[in-house]
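Asks: Any chance you could fold what I've pasted below:
(one chain, ligands or ions: 1)
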Amino acid sequence: MYDMPQIRLQDLLSNLDNTEIQEIWEVSYITITSSTAKPHYVAILADATSFCTCMNIINQGMPCRHQYRILLQSDKAVFHMGFIHTRWFESMPSETSRYATIAQGNKTYSIKLLHYIDQIRTGNVYTSTIKKTADKRIEFGSAMSMAKTSVQIAVTEGATGELTGLLTQFIMKY
Ligand SMILES: [Zn+2]
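Replies: Alright, predicted model coming up:
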């Protein structure tokens with residue numbers, strides 16, 4: 001499931017100021033086994049949060065293989081204990097205000113919270129910002145399904161000209 005991007009980069013970064021984004025990396029497989037294989041994007045934000053379009057860190061509560069790849073590649077990328085969701089700890093680490101971080105192989109401690117991840121993971125799931133992002137994902141899915149059905153009908157009925165005409169009108173409108 002996480003071979004496919006779960007969210008568009010644009011939506012992942014919506015409502016973020018450009019100055020909050022340090023780096024964006026594209027991660028793709030060396031061997032493309034399928035023509036539908038899409039690259040993933042890992043964004044490193046100012047507070048050391050890193051997000052990936054596979055959304056593993058939100059859905060599974062731990063960093064994904066794409067983020068680990070960027071950890072090896074970028075000197076801006078930091079491993080932060082806060083990446084691991086608290087549900088994976090058998091007992092909470094005693095010093096909850098200090099997080100172990102590893103940057104460039106060096107372990108240090110930080111009191112910095114991961115503002116962006118915490119915002120999505122905690123009870124704040126229904127803040128208007130997050131809700132808007134989630135709604136966009138749902139909208140994207142249902143619009144795509146409608147588009148696929150339309151193409152199938154157009155091809156079956158020999159009406160692709162009509163469909164592309166309608167779509168061209170729509171595109172020109174915006
Ligand atoms: Zn990923």
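Asks: When you work out contacts or count neighbours from here on, use the C-alpha atoms and nothing else.
Replies: Will do.
Asks: Go through this structure and flag its longest helix.
Replies: helix 128-156 (DSSP state H).
Asks: Run the chain-centre distance for that helix.
Replies: Here helix 128-156 is found 18 Å from its chain centre; the criterion is C-alpha atoms, centre = their mean, to the nearest Å.
Asks: Packing partners of it?
Replies: Contact here means 3 or more C-alpha pairs under 8 Å, 6 or more residues apart in numbering; DSSP states H and E; on that basis helix 128-156 packs against helix 9-12, helix 160-173.
Asks: Lowest average pLDDT across those?
Replies: If you rank the helices and strands packed on helix 128-156 by mean pLDDT, helix 9-12 sits at the bottom with a mean of 82.
Asks: Who does whichever helix or strand comes after that one pair with, and is each partner parallel or antiparallel?
Replies: Going down the chain from helix 9-12, the next helix or strand is strand 21-27, by DSSP states H and E. For strand 21-27, the paired strands and their directions (DSSP bridges) read strand 40-45 (antiparallel).
Asks: partners of the helix or strand just after the strand it pairs with in the sheet?
Replies: Next in sequence after strand 40-45, counting helices and strands by DSSP H and E, comes strand 50-52. Partners of strand 50-52 in the sheet, by DSSP bridges, are strand 40-45 (antiparallel).
Asks: quick one: which of the helices and strands packed on helix 128-156 is nearest the ion?
Replies: helix 9-12 (11.6 Å; C-alpha to the ion).
Asks: does the ion sit close to that closest one?
Replies: No: figure legend: helix 9-12 not in contact with the ion (C-alpha under 5 Å from the ion); closest approach 11.6 Å.
Asks: Could you list the alpha-carbon positions for that helix in CSV?
Replies: Extracted in CSV, the C-alpha atoms of helix 9-12 (Å, rounded to 0.1, in the frame of the first residue of the first chain):
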residue,chain,number,x,y,z
LEU,A,9,3.2,16.9,-2.2
GLN,A,10,1.3,20.1,-2.8
ASP,A,11,-1.4,19.0,-0.3
LEU,A,12,1.2,17.7,2.2
